[in-house]
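In: Fold the stuff below for me.
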Amino acid sequence: MANDNKRVSVTAITEACEKSHESQGGSDCMASNVIDWFGVKISVRRSLGLRECAEFVASVVNTILLAEDSKPCYYPEFFDFIVNTEIVTRYSNINLPKDANKAYDIVCRSGLTDLIKEYIDAVQLDSIITAASDRIDYICALRIAESEKSINDMLNEMSNFVDKAMKPFKSVSETDVKALIGAVLNGHIDEKKLVEAYLSHKKEDGSDIEVSVAQEATE
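Out: Numbers count the residues shown, from 1 in each chain. Below you'll find the predicted structure:
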C-alpha cells in the first residue's frame, strides 16, 4: 500500500506527457498537420500553449469590450468574428488581411475556419471560448453594479440637497406664505422688517423659523 501512495516524480510525468503527445501526432503543442486548401498549403497546430490561450482570451475580451473616448462599450456582434480570427491566426500559419471586410470573408464565410477546427484540440478550444464568454459576462456585471452605485450616490446627494434647502422652511405655515405673497403683490412689504423678523425667529442652529415671518414683515 505504501508504494501505491508514492508520488510520481516530475521527470516521470513529463516523459509520460511527451509520449502522449507523440501518440497524437507530435511531441508538443507545436505538432501540426499540413492541409491543402484550394492549392494553398496550410499548417495547423493541434493545440496552444498556456500563454497563447491567455492571449486568445484577452484579445477576444478586449475587442468585444472596446473603450471609445474613455467610455466602455460592448460589441457582442463581433464575438464570432474575433473568435474565428484568433482560431485561424493562432492555430495556423495564415496571415489575414488588415482590411476587416476581407478578413471577415475569409474566417466567417469561406469554410476555412471549420476546416481548421477539424484538426485542433476541440476540448481546449471550447475551454478558451467559455473563458472569454465568462470574463465578458463578469466585466459587464461589474460595470452594471458600478453604474447602479453611481446613480444611487447621485440620488442620495440630490435628496440631501433638497432636505437641506427645505429645512429653514419647515415651520412656515400656509397662512404665512399667503400673507407674504399678498404683501409682495400689494407693495406693503418692508424688506428690513422681513430680514429682522427672519433673524429674530431662527433657532440657535440657524435652520428653523418659529413664528409667522411674513405677518411680522407686513406690520
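
In: where along the protein do the helices fall?
Out: 10-23, 50-64, 79-91, 100-109, 112-117, 122-166, 174-186, 191-200, 213-218 (DSSP state H).

In: Select, out of the ones you listed, the one closest to Cys73.
Out: helix 50-64 (9.1 Å; C-beta to C-beta). Just so you know, the C-beta spots here come from the backbone N, C-alpha and C atoms, and that holds for glycine as well.

In: Quick one: list the elements packing against the closest one.
Out: helix 79-91, helix 122-166 (3 or more C-beta pairs under 8 Å, 6 or more residues apart in numbering; DSSP states H and E).

In: need the helices of the chain in a markdown table with mean pLDDT, distance to Gly39 and mean neighbour count, can you?
Out: What follows is the helices of the chain, written out as a markdown table (pLDDT from 0 to 100; distance: least, C-beta to C-beta, whole Å; neighbours: other C-beta atoms under 10 Å):
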| stretch | mean pLDDT | distance to Gly39 | mean neighbour count |
| --- | --- | --- | --- |
| helix 10-23 | 75 | 30 | 11 |
| helix 50-64 | 93 | 28 | 16 |
| helix 79-91 | 96 | 18 | 20 |
| helix 100-109 | 95 | 15 | 14 |
| helix 112-117 | 96 | 13 | 17 |
| helix 122-166 | 82 | 27 | 12 |
| helix 174-186 | 68 | 90 | 14 |
| helix 191-200 | 64 | 93 | 13 |
| helix 213-218 | 48 | 95 | 21 |
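
In: Kindly reformat the ones you listed as JSON lines containing distance to Asn33.
Out: Converted to JSON lines, those look like this (distance: least, C-beta to C-beta, whole Å):
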{"stretch": "helix 10-23", "distance to Asn33": "14"}
{"stretch": "helix 50-64", "distance to Asn33": "18"}
{"stretch": "helix 79-91", "distance to Asn33": "10"}
{"stretch": "helix 100-109", "distance to Asn33": "19"}
{"stretch": "helix 112-117", "distance to Asn33": "10"}
{"stretch": "helix 122-166", "distance to Asn33": "14"}
{"stretch": "helix 174-186", "distance to Asn33": "87"}
{"stretch": "helix 191-200", "distance to Asn33": "90"}
{"stretch": "helix 213-218", "distance to Asn33": "91"}
